[in-house]
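**Q** Need the 3D shape of this:
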Amino acid sequence: MVSNFFAMVSRMKFIERWSLMRNSRQENLSEHSLEVAMIAHALAVISNERLGNNLNAEKAALLGIYHDATEIITGDMPTPIKYFNKNIQGAFKEVEKDAAVKLHGMLPEYLKKSYQDIFFPSEEDAYLRKLVKAADKLSALIKCIEEEKAGNTEFNKAKKSICELLQNMNLKEVDIFLEEFLPAYSKTLDELS
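**A** Below you'll find the predicted structure:
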């Protein structure tokens with residue numbers, strides 16, 4: 001039997017993000033997911049090394065890779081629409097659940113158990129998922145910084161909103177990342193070297 005799962009997931013590269021915004025450079029879901037995975041992994045490692053926790057950093061990265069995979073089916077819903085009101089937000093959550101069921105259903109039976117926690121949140125991964133959500137917001141903030149560096153003021157309001165969201169998450173891991181790693185995103189290549 002042929003499985004369509006990985007061929008479907010590979011289509012993340014065709015889903016463009018920030019569709020309502022003028023972009024100096026387009027960003028697709030595939031590259032965003034890689035960045036989220038790397039940041040989620042870093043947040044979990046920061047949590048372990050700096051805050052004395054014992055999190056599975058590799059699983060945080062894995063959750064980051066697939067965190068928006070359902071958008072292959074649903075598309076990237078712009079934030080102002082997705083969170084316009086509780087009814088739309090609730091309806092979209094149901095659509096996302098259906099998309100997760102569909103994607104998971106594309107896996108052969110022998111893989112379904114291994115991918116269960118990726119597509120259907122378990123209570124034991126609640127904190128990791130919080131870190132992935134934070135990594136998602138950090139990735140969005142990085143996009144805003146990149147657009148700002150390119151002279152695009154279109155992302156100014158988004159940057160402010162994302163900064164407030166990150167602050168309201170009250171995660172020490174995020175505070176550490178913001179302090180130690182985020183300033184480098186404003187540097188040029190020469191400054192980074």
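
**Q** Check for me that Ser24 belongs to a helix.
**A** No. Using DSSP: H, G, I helix; E, B strand; the rest coil, the assignment for Ser24 is coil, not a helix.

**Q** mind listing what it touches?
**A** Contact analysis of Ser24 by Cβ atoms under 8 Å, 6 or more residues apart in numbering lists Glu146, Glu147, Ala150, Gly151, Asn152. Bear in mind the C-beta positions are built from the backbone N, C-alpha and C, glycine included.

**Q** ok, now Glu35?
**A** Ser139, Ile142.

**Q** ok so, going back, put together CSV for the contacts of Ser24, with pLDDT and neighbour count on each row.
**A** Converted to CSV, these look like this (pLDDT from 0 to 100; neighbours: other Cβ atoms under 10 Å):
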residue, pLDDT, neighbour count
Glu146, 96, 17
Glu147, 95, 23
Ala150, 94, 11
Gly151, 94, 7
Asn152, 94, 16
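
**Q** The residues you listed: which two are farthest apart?
**A** Farthest-apart pair in those is Glu146 and Gly151; separation 11.0 Å (Cβ to Cβ).

**Q** Count the neighbours of Arg50 for me.
**A** With neighbours defined by other Cβ atoms under 10 Å, the count for Arg50 comes to 12.
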